[in-house]
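> whatever this is, show me its structure:
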Amino acid sequence: MAVSQREGARRRRPPPEQHANQNIAASAATRETESSRQSGENQDKGEHQNSQRNTETAAQQTAPKNGAALIHMLALLAAGLVTRLWNLEHPAAIVFDEIHFGKFASLYLQGRYFFDVHPPLGKLLLAAAGWAAGMNATFEFDAIGQAYDSTVPITALRLVPALAGAALAPLLYVLVTSLGFSTTAGLLSRALAVADTALLTQSRLVLLDTLLIACMLASVAAYTSARCHTPLSWPWWLRVLLSGLALGAALSIKLVSLSTVALLAACVARDLWLQLGNRDIPLKRITTTALALLAALAVLPLVVYIGTYAIHFAVLVRSGPGDAFMSPAFQATLEGSTFAQAPAAAVHAAFGARMTLRHVYGSRCWLHSHAHRYPVRPSGDENGLISSVQQQVTCYPFADPNNEWELLDAANVTLAPGQARLVQHGDRVRLRHVATGKTLNSHDVAGPLTPTAQEVSCYGPGDERAPAGSAGHMPAQDVWEIQVLGSTSPPVHVATTQLRLVHPTRTALAVSGKVLPEWGFGQFEVVAQRLLDDAAVVWQIDTHSHVLALPPATRAEHTPMSFWQKLWELHVEMIRANSRLTGEHTYGSRPAAWPLLDRGISYWHAPAKQGHQFAQIYLIGNPVVWWLSFAAIGVSLVLILFYAIREKRAIQDLDPATRARLLDGATVLGGGWALHYLPFFLFDRQLFLHHYLPALVFAIAILAAVLDHVCGRVVSGAALVVVLAAAAMAVFLAPFSLGTVLAAEQIEARRVRPGWNMAVP
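Next up is the predicted model:
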């Protein structure tokens, strides 16, 4: 606010009379106490009325005041649509996570069950776009960079996030102006959203982020717009219902939108608290308003969320690649699943059989060994832990003769000729590697890449590191107990029974998910871990052959699962899967690095270099937008502290309406940024730059609000300078969003920060 405005609003408390009559002073004190009580009530009432006046007049600011503003809005709308939709089919190849979301859309059209850590709405929308465009779902999404063929309507698939990305700018305008800030501030936030290259990149690919952010912004903007109208009126109802629908949609795309739920809950609580301080509003009306908000912003989103899962289960009725993540009872509900077949089709596992053991969750691979030993120091560090130097055991994602094991009875039960002993829960077994003749073993040696777990090896004659009786001697520890999951007394069936192998050291055979280096041929690390109740320890017998003709086994039929049971199981597995995303990624980053744009993410690069030229898509934000918006957050905190100290000193710099507007902006915009950013510091999982984008849109709104407040009448000039700088930087970095061919020196010239690891020919 300008200095003249602050001085005009400044009021100081008059000094007390030094020589007042004692009786008069006592009487004055009594009146002051009563006045103070009345003042407190009036302050609550006044704050609510000032807030109400702000929001009532804000509705007028959401519409352009003159022809110039309308021209600006139309120009920004055109810029947003053109940049998001132009040449949308390029590149005609799989880019980054399109390999997942494109495949999910294809599986929806096939009706084949799949598993993902995110709720289904975003993928359902992509599948609907593919269906409308005639997608026949025969394309296999195998690798990033794989060229699309004519069966993939890639423009239609990318159109869904592109339109959502184009909607972000108008939604930001509505949010900023509905909070009482100027039309110029709304146009500034809209322009910066159009100019940001990270939002542009995410908008042009088959990804979920722009869909998520659009629904989050729509929910918050609809609620702040509703406050511009009388509670329980039709315009108010229309907006709070729209807010609830958008909130339910956001939750149904990604659960990170729980931060939006927390934000709206805080806003509603604050608004109702202010109403309680206004005695002109009957308590009954406040209660009715609270119940209406509960229905619109809690019940309605929950109905939307559950409804998307009802559609999800109704579409995915056939067995598919996600079966292995679910329980046998869940799989029995899927057409074509092994568990849905007739009970007589089951095959009972027996001792003496040759078999392969497949890992069920996460890394789809088979227990594997080969005639290669662990290096002395598997980590490659000369000061690292020492291995047993015994034969490697890994998990291999392809069929191979080295995946075969012989299932031996550790109890050595004597059987009559022609008789086989069937495997049961609790049996103690040995697994002998068919190709090398050595048995599966574990011992108190650190895992090759996971020192908190035990190494798993194959043990045979001569594998002792030292003779018996001397230090370092390691006898065979090759006995494992079979524990069937889900029950304590069933038999073990091939391809259906899920089990774990528990070692006498109270560890279980597990796949860590880590990839072994060159000495391990890039296969997955196998360890024995102490956490038994974990998806990493779940296996099942995949193939099974025996010299004897085994009697047919009768498999227990599963009780049909209800919708609610399937919904609960799926959410439990989603939480488990999220907790397993703890490995490092080449382009991963931590939250502290996001606002400063320390590094980006390489999404795609052209398969062939054209001389010294190169085309690539590299996710990086617009530094002007990101750095200024982050700085604005600091400025806003300084302003809040400054005004708080001045008020404490009884110096009123702000008129009541301005004060209410700033408090409102701090609650909605500051709370939105904090709730969508700070929780990531608590996450111990893979994180990427694009996780900051929901917080970024609130930071952009804060920048617009701060400039609107600080610059006062010259805000238009300040906004123009910021927009021109952001636009120039957007043009400079746009080739990384659009996949434009650049020469090596042009790529290097765009390396604004040393950590930007773009591909250079």
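
> CA only for contacts and neighbour counts going forward, please
Noted.

> what's near enough to touch A495?
If a contact means C-alpha atoms under 8 Å, 6 or more residues apart in numbering, then A495 has 338, 540-543 as its contacts.

> again, but for L172
By C-alpha under 8 Å, 6+ apart, the residues touching L172 are 186, 189-190, 217, 221, 697, 701.

> still on that earlier bit, out of the contacts of A495, which one has the weakest pLDDT?
Ranked by pLDDT, the contacts of A495 bottom out at T338, which scores 67.

> what confidence value was assigned to the most centrally placed residue in the chain?
The residue lying closest to the centre of the chain (C-alpha atoms, centre = their mean) is V256, at 5.6 Å. Confidence at V256, expressed as pLDDT, is 95.

> which SS state does it fall under?
Here V256 is helix, with the state taken from DSSP: H, G, I helix; E, B strand; the rest coil.

> which ones are touching the closest residue to it other than its chain neighbours?
Of all residues not flanking V256 in the chain, H676 sits nearest, at 8.0 Å (C-alpha to C-alpha, 6 or more residues apart in numbering). H676 makes contact with 256, 259-260, 692, 694-695, according to C-alpha under 8 Å, 6+ apart.

> on that earlier part again, can you give me the distance of the residue nearest to the centre of the chain to H585?
20 Å (C-alpha to C-alpha, to the nearest Å).

> how about H72?
Separation of H72 from H585 (C-alpha to C-alpha) stands at 42 Å.

> returning to that earlier point: neighbour-wise, give me the winner out of the contacts of L172.
S189 (34 neighbours; other C-alpha atoms under 10 Å).

> what segments of the stretch 251-400 of the chain are strands?
Secondary structure of the stretch 251-400 of the chain (DSSP state E, counting those that start in this stretch): strands at 354-359, 366-373, 391-396.

> setting aside sequence neighbours, what's the nearest residue to A147?
Distance criterion C-alpha to C-alpha, 6+ apart; nearest residue to A147, sequence neighbours excluded, is A93 at 4.1 Å.

> tell me the phi and psi of the closest residue to V484 other than its chain neighbours?
Spatially, and ignoring its direct neighbours in sequence, V484 is nearest to L499 (4.4 Å; C-alpha to C-alpha, 6+ apart). Backbone torsions for L499, taken as degrees, to the nearest 10, come to phi -140, psi 170.

> burial measure for L499, as a count.
If we define neighbours as other C-alpha under 10 Å, then L499 has 21 of them.

> roughly how far does A105 sit from V760?
33 Å.

> same check, this time on F181
Per C-alpha to C-alpha, F181 is found 44 Å from V760.

> the two: which is more packed in?
Per other C-alpha under 10 Å, whichever of F181 and V760 has more neighbours is F181, with 26 against 18.

> quick one: L232 and T287 touch, right?
No: applying C-alpha atoms under 8 Å as the test, L232 and T287 come out as separate, 11.4 Å apart.

> more neighbours: the two, which one.
Legend: neighbour count by other C-alpha under 10 Å for L232 and T287, higher for L232 (16 against 13).

> next, that one: phi, psi?
According to degrees, to the nearest 10, L232 has phi 70, psi 0.

> burial count for the residue lying closest to it once chain neighbours are set aside?
Spatial nearest neighbour of L232, chain neighbours left out: T289 (6.7 Å); criterion: C-alpha to C-alpha, 6+ apart. The number of residues packed near T289 is 15, by other C-alpha under 10 Å.

> ok, T289 to A295 distance?
Distance, T289 to A295, by C-alpha to C-alpha: 10 Å.

> skipping its backbone neighbours, what lies nearest R190 in space?
Excluding the flanking residues, the one nearest R190 by C-alpha to C-alpha, 6+ apart is A169, at 4.3 Å.

> where does that neighbour fall, secondary structure wise?
Following DSSP states H and E, one finds A169 within helix 154-178.

> show me where pLDDT drops low in the stretch 301-450 of the chain?
Along the stretch 301-450 of the chain, segments meeting pLDDT under 70 span 338-346, 362-363, 416.

> what segments of it are helices?
Assignment of helices within the stretch 301-450 of the chain using DSSP state H, counting those that start in this stretch yields the ranges 328-331.

> kindly report the same for the stretch 651-761 of the chain.
Under DSSP H, counting those that start in this stretch, the stretch 651-761 of the chain gives helices at 656-665, 671-677, 693-711, 715-738, 744-749.

> do the same with the stretch 501-650 of the chain
563-579, 623-648.

> one more: the stretch 51-200 of the chain?
Under DSSP H, counting those that start in this stretch, the stretch 51-200 of the chain gives helices at 67-85, 98-110, 121-132, 154-178, 183-195, 197-203.

> returning to what we had before: now the angle from the helix holding A169 to helix 183-195?
In terms of direction (axes from the mean of the first three to the mean of the last three C-alpha atoms, to 10 degrees), helix 154-178 departs from helix 183-195 by 160 degrees.

> so how far is helix 154-178 from its chain's centroid?
A distance of 19 Å separates the centroid of the chain from that of helix 154-178, by C-alpha atoms, centre = their mean, to the nearest Å.

> same thing with stretch 693-703?
When distances are taken as C-alpha atoms, centre = their mean, stretch 693-703 is centred 18 Å away from the chain's centroid.

> so which residues make contact with it?
The contact list for stretch 693-703 (C-alpha under 8 Å, 6+ apart) reads 172, 176, 189, 192-193, 198-199, 209, 213, 625-626, 628-630, 632-633, 636, 665, 669-670, 672-677.

> state the mean pLDDT of that stretch.
In this model, stretch 693-703 has a mean pLDDT of 97.

> re earlier: worst mean pLDDT among the helices of the stretch 501-650 of the chain?
Note on the helices of the stretch 501-650 of the chain: lowest mean pLDDT is at helix 563-579, with a mean of 88.

> can you pull the buried residues of that one?
Across helix 563-579, burial judged by 16 or more other C-alpha atoms under 10 Å covers 566, 570, 573-574, 577.

> before we move on, back to that, number of nearby residues for the residue nearest to A147?
For A93, using other C-alpha under 10 Å, the count is 21.

> for it, give its distance to A127.
Computed as C-alpha to C-alpha, the A93 to A127 distance reads 18 Å.

> cool, and A195?
29 Å.

> quick one, which of those two is more surrounded?
For the pair A195 and A127, the greater number of neighbours falls to A195 (30 against 24), based on other C-alpha under 10 Å.

> would you confirm that the more buried one contacts A725?
No: using C-alpha under 8 Å, A195 is not in contact with A725; the gap is 9.8 Å.

> distance between the ends of stretch 361-378?
Taking C-alpha to C-alpha, stretch 361-378 runs 25 Å from one end to the other.

> I311 - how many residues pack around it?
Using other C-alpha under 10 Å, the number of residues around I311 comes to 13.

> oh, I was asking about R500
24.

> please apply the same query to V413.
Applying other C-alpha under 10 Å, we find 7 other residues in the vicinity of V413.

> cool, thanks, signing off.
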